[in-house]
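K.L.:
Output the structure for:
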Amino acid sequence: MTANQIQTTHIGSLPRPPELLDLLTKRQGGDPVDEDDWDATVADATRDVVDRQAEAGVDVANNGEQSRVSFNWYVADRLSGIEGTREQELWADLQEFPSYAEETFKTDVIDLSEHPVVTGPVEYTGRDEAEAELAAFRDALDAA
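P.N.:
Prediction:
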């Protein structure tokens, strides 16, 4: 990196391969998923997004949220006291554009018009999952 270079990064999800989308959909729907298959598929997808970021010249890469449906649903997977759903009010800046809003709120995996609901005391319960996610990311960085 040169002194005049502006470092680049990004936030948020990056596209997931179809096999991972299928597993994410099953998990989100409460269907059983083979954990070895899940781990291998997430690791492959993470390596792929890290490689693509390196090829694009991104200076500070991330895992592209490969193992997460969305941040809103990720919290329900890693925190206690969150159960059920409620309908999310349409964002004010999208109310005048209902067809665009429909595309924005519906993804390949989940309908973002529904959000998880806090129903009790919130505590972090996802340490093991976070450690596994970080290990997969570190492996992908090492490989890149």
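
K.L.:
where does the protein have its least confident helix or strand?
P.N.:
helix 98-105 (a mean of 71; mean pLDDT, DSSP states H and E).

K.L.:
Got phi/psi on residue 115?
P.N.:
When read as degrees, to the nearest 10, the backbone of residue 115 gives phi -130, psi 150.

K.L.:
Test my guess that it contacts residue 88.
P.N.:
Yes. Between residue 115 and residue 88 a contact is recorded at 4.7 Å, counting by CB atoms under 8 Å. Where you see a C-beta, it was placed from the backbone N, CA and C, and this is true even at glycine.

K.L.:
More neighbours: which of those two?
P.N.:
Shown here are residue 115 and residue 88; by other CB atoms under 10 Å, residue 115 has more neighbours (17 against 13).

K.L.:
so who does the more buried one touch?
P.N.:
Listed by CB atoms under 8 Å, 6 or more residues apart in numbering, the contact set of residue 115 reads 72, 85, 86, 87, 88.

K.L.:
in the chain, what spans have low per-residue confidence?
P.N.:
Applying pLDDT under 70 to the chain flags the ranges 1-2, 90, 103-112.

K.L.:
Now do the strands in the protein.
P.N.:
For the chain, the strands defined by DSSP state E occupy 82-87, 114-118.

K.L.:
Pick the most buried one from the ones you listed.
P.N.:
Across the strands of the chain, the average number of neighbours (mean count of other CB atoms under 10 Å) peaks for strand 114-118, which reaches a mean of 15.

K.L.:
mind checking how far residue 48 is from residue 131?
P.N.:
Distance, residue 48 to residue 131, using CB to CB, to the nearest Å: 21 Å.

K.L.:
Can you pick out the residue with more neighbours from the two?
P.N.:
For residue 48 versus residue 131, neighbours defined as other CB under 10 Å are more numerous around residue 48 (18 against 10).

K.L.:
ok, longest helix in the chain?
P.N.:
Scanning the chain for the helix with the most residues, using DSSP state H, yields helix 35-56.

K.L.:
ok, now which ones touch residue 51?
P.N.:
By CB under 8 Å, 6+ apart, the neighbours of residue 51 are 140, 143, 144.
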